[in-house]
Structures are given as C-alpha cells and as structure tokens.
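Visitor: below are the sequence and a predicted model; questions follow.
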Amino acid sequence: MSFINSIKKDGGNIILYKCGQPVPELLVASGDSYKICFLDTETTGVDRSNDEIIELALKVVIIEGSTGKIVSVDAEYTSFNDPHIPLSDEIIKLTGITDDMVNGHSIDWSEADRIIENGDLIVAHNASFDRAFMDRKSAASRQSIWACTVQDIDWLQRDFTSSKQDLLCFWHGFYFDAHRAMNDVDALIHLVTHHHYTENRPVCELIGNSQKPSYVIKATNFAYDETKKDQVKANGYRWNNVQKIWSKRVTLDVLEDEKEWLTGIIYDGYFDGLVEEINLADKYKM
C-alpha cells in the first residue's frame, strides 16, 4: 500500500500533519443530510460482557449525503467513568488513562442517550466491540442503527491493505494521539470525510451500506472437523459461545456465494445451515 497521492513529500520523506477537530465545509447541505453520531469507548479490557467503559466520547456531525462533506458539528459529549476496580498496567500503558483520572467520575447516560437519539446513525471503528459495551448501559444505543468503519467501508477496494485506524490515518497523511476517546472520534471523522476524495468519500459508502439488508449465516449441523473449522474461521466466521455455532454476517450480494462456499467446505453437496435476515437496528449486536 502506498500513501495517497496528495501527501506532500520532502525528498524521500512523508510529511504528516496532526489531526484537529472537524471543520465544516458547507454552510448548508444541498441535498439529503445525515446526523451521524461518531462514538468511541476506552474500556478496562476486551471482555464484552464483564469489562467496563472507562471513557466515552460522542460527536454528532451533520454530513451532506451526496458529497460526504461536513455541514456542522451538532453536539458532543465526553466523560471518564470509574469502573471501581484498579486499571491494569496494560490499559494504563495503552490509553494513558490512570486510576486518578477516572476515580469518582461517571457517565451521564441520560445525556449520552439524548445525543444518540438526535442522530440518524451511530458510527464506530469496529462497531461490534463498542456496541456490546454501549448496549449494556444505553437504551438509545440498543434501539439505534449502527455502522462500522471496518465492515461498511471496503478499504481493500480503495487499495488499503489494512483497516486499522492508525494505519489508515497515516496513509491519509495525518496522525493523532490514539486511544483517547475523543481523539479517536475526531480522527475517525477526519478519515472518512477526507478531502483527498473528490467523489465517493468513505463516509458516503458507509451511509449507503448502513441501509442495506444484511444476513447472518449460521453453520448449523456442522460435524466438527479441525481442518474444516480452521477453514471456516479463516473465512471470517466467528464462534458464538452461547449458541455453540460458527456464524458470519454477509450482505445480499454475496449471500448465495457464501452459502455455496460453506456447502463445499462442511456439507455434503447440500446447504444445511441457517440464514437469518438482520434487522437494521440489530447489526453489530453481540
């Protein structure tokens, strides 16, 4: 992967600029506009059922749907949250957040819900992770449509070989102080609305895909085989420890191809799995 063409080069060096807060590009939207709530959480760990949020950031940005340009910043909220347990050395090193910073703080969930409810869409990088934590605390989150800047933007089609946020930002010519919630939010907004794109900004692709129906393929009746399990896992299937099955979320345009692939791997010539349509508001739920 190479950097985008518009990055300034000084001899053989790449010059990166530091990302700031979102800057409106239009006074008014000329067509359809969307209120997008960009969201990030910092947590005590990766256990989606038991770990706790230690920092939350929300920022609602109005986006012109046809161009992906920023019209305005509508609302924002950020807060630390005391998990009532000592933070691990790993989390302190990763986030820069310490026990002293979170002690005594709590998220105002009524305010967070008010902001979320005012948006058309919640967006996060790796939305299934953030949604799992948010849904435990926020009624507005549970009822909202979520979109994911990893899954709902085809970065590979745009010639980027990784969907990691920090790498994508570097490749687009800027950097940010990562793993602090509002910094991550501002960087994500800057990335998906990046001025490099004269058309089809990533946020436009994201909005379009957020409205498309999606399906979950469940590999039911799978007679366990270690080699086949590895193939299924390598193809993007995730293990559901509650239902005890492998499953994968797909869009309609690849559904039949995915069924054919699964049939060839684990079934004897006849698809014996289960396909369920996912309600738009249920995407990226656990």
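Guide: Structure's in. What do you need? Residues are numbered from 1 along each chain as shown.
Visitor: doesn't R131 make contact with D40?
Guide: No: at 11.9 Å, D40 and R131 do not qualify as touching, with contact defined as CB atoms under 8 Å. C-beta: built from backbone N, CA, C; applies to glycine.
Visitor: between the two, what contacts are shared?
Guide: A124 (CB atoms under 8 Å, 6 or more residues apart in numbering).
Visitor: quick one: the strands in the stretch 1-150 of the chain?
Guide: 9-10, 13-14, 17-18, 33-43, 53-64, 70-80, 121-124, 146-148 (DSSP state E, counting those that start in this stretch).
Visitor: the residue lying closest to L39 once chain neighbours are set aside pairs with what?
Guide: Using CB to CB, 6 or more residues apart in numbering and skipping the chain neighbours, the partner closest in space to L39 is A124 (4.9 Å). Applying DSSP bridges to A124 gives these bridge partners: C148.
Visitor: okay, A124: pLDDT?
Guide: At A124, the model reports a pLDDT of 99.
Visitor: buried ones in stretch 142-162, by neighbour count?
Guide: Using 16 or more other CB atoms under 10 Å as the test for burial, stretch 142-162 gives 144-153, 155, 160.
Visitor: next SSE downstream of the longest helix seen in the chain?
Guide: Taking DSSP state H as the criterion, the chain has its longest helix at helix 252-266. Next helix or strand after helix 252-266 toward the C-terminus (DSSP states H and E): strand 274-278.
Visitor: pull up the pairing partners for that following strand, direction included.
Guide: Partners of strand 274-278 in its sheet, by DSSP bridges: strand 214-218 (antiparallel).
Visitor: orientation of the partner strand relative to helix 252-266 in degrees?
Guide: 10 degrees (axes from the mean of the first three to the mean of the last three CA atoms, to 10 degrees).
Visitor: which elements pack onto the next helix-or-strand element following strand 214-218?
Guide: Using DSSP H and E, the helix or strand that follows strand 214-218 towards the C-terminus is helix 226-234. Contacts defined by 3 or more CB pairs under 8 Å, 6 or more residues apart in numbering; DSSP states H and E place helix 226-234 against strand 245-251, helix 252-266.
Visitor: mind redoing it with 7 Å?
Guide: The contact analysis (3 or more CB pairs under 7 Å, 6 or more residues apart in numbering; DSSP states H and E) places helix 226-234 against helix 252-266.
Visitor: export the strands of the stretch 1-150 of the chain to a markdown table and append columns for distance to F170.
Guide: Below are the strands of the stretch 1-150 of the chain laid out as a markdown table (distance: least, CB to CB, whole Å):
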| stretch | distance to F170 |
| --- | --- |
| strand 9-10 | 14 |
| strand 13-14 | 8 |
| strand 17-18 | 11 |
| strand 33-43 | 18 |
| strand 53-64 | 21 |
| strand 70-80 | 22 |
| strand 121-124 | 20 |
| strand 146-148 | 20 |
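Visitor: looking at those, which is closest to N241?
Guide: strand 33-43 (19.2 Å; CB to CB).
Visitor: residues making contact with the closest one?
Guide: 51-65, 71, 74, 95, 97, 115-116, 118-124, 130, 133, 179, 181, 184-185, 188-189, 207 (CB atoms under 7 Å, 6 or more residues apart in numbering).
Visitor: isn't there a strand covering L156?
Guide: No: judged by DSSP: H, G, I helix; E, B strand; the rest coil, L156 forms no part of a strand; its state is coil.
Visitor: what stretches of the stretch 1-150 of the chain score poorly on pLDDT?
Guide: Residues of the stretch 1-150 of the chain meeting the criterion pLDDT under 70: 1-2, 8-10.
Visitor: repeat that with 50
Guide: Filtered on pLDDT under 50, the stretch 1-150 of the chain yields no residues whatsoever.
Visitor: out of the strands of the stretch 1-150 of the chain, which is closest to E25?
Guide: strand 70-80 (5.1 Å).
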